[in-house]
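Asks: Give me a 3D structure for the following:
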Amino acid sequence: MEGEELPGHLCRVIVETIQDGCSPQRATGDGGVQWLGVRPDGGVSFTVFDQVKFGPQRDGSALAGVSRDVAPHSDGGFTQFGPGAECRALLSGWEFADGGLTLRQEWPGIDLCVSGPGYLPAKGCVAVRRLVFTPIRECPQRCVVLTNDGAICDC
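Replies: Sure thing, here's the model as predicted:
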């Protein structure tokens, strides 16, 4: 994504729960200032807080960082946390519509996927959340810089 000329916007992001059967529940609320750009193929490129994508650690601590992501994913959005079907997860089931992203996640639980990371929920679950993007200002993709506080435009 770095250096591309894709037009886009810095946006204020609010994360809303549609469904969440996880414990601990996945992150909602203020998603910070992030970047969103619609690609010529109809897909999207965007930034997202790791805390929003992965959720809280089991000990209650927050994941730090911002990462770049795309939708749709070429691999369908699946991740493997360890050997076996019990460690397979759908973490990036992104769908873009009406200026926002819906994120469907099907999580394995640490009860069966014992080698998984600290942000796995206690038991397998499904979470569906909506990220609502409200544009703040235009910013081409090549100018997007990731910080601990979100995305900024630095051109």
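Asks: Which parts of the chain are helices?
Replies: 50-54 (DSSP state H).
Asks: shaky segments in the protein?
Replies: For the chain, the stretches with pLDDT under 70 are 1-4.
Asks: check contacts around the spatially most central residue of the chain.
Replies: The chain has Lys53 as the residue nearest its centroid, 3.4 Å off, counting by Cα atoms, centre = their mean. By Cβ atoms under 8 Å, 6 or more residues apart in numbering, the residues touching Lys53 are Ser67, Asp69, Leu91, Ser92, Leu103. Every residue, glycine included, has its C-beta placed from N, CA and C.
Asks: Among these, which one sits closest to Ile152?
Replies: Taking Cβ to Cβ as the measure, Ser67 is the one of the contacts of Lys53 closest to Ile152, at 14.9 Å.
Asks: neighbours of the closest one, just the number please.
Replies: Neighbour count of Ser67, defined by other Cβ atoms under 10 Å: 12.
Asks: what's the closest of the contacts of Lys53 to Glu5?
Replies: Checking the contacts of Lys53 one by one against Glu5 (Cβ to Cβ), the nearest turns out to be Asp69, at 18.9 Å.
Asks: Any idea what the closest one is bridged to?
Replies: Beta-bridge partners for Asp69, by DSSP bridges, are Phe46.
Asks: Just list the residues touching His90, thanks.
Replies: Small correction: residue 90 is Leu, not His. Counting by Cβ under 8 Å, 6+ apart, Leu90 makes contact with Gly76, Gly77, Phe78, Thr79, Arg104, Gln105, Glu106.
Asks: So what pairs up with it in the strands?
Replies: Note on Leu90: beta-bridge partners by DSSP bridges are Phe78, Glu106.
Asks: Distance check, it against Val128.
Replies: Noted for Leu90: a distance of 11 Å to Val128, by Cβ to Cβ, to the nearest Å.
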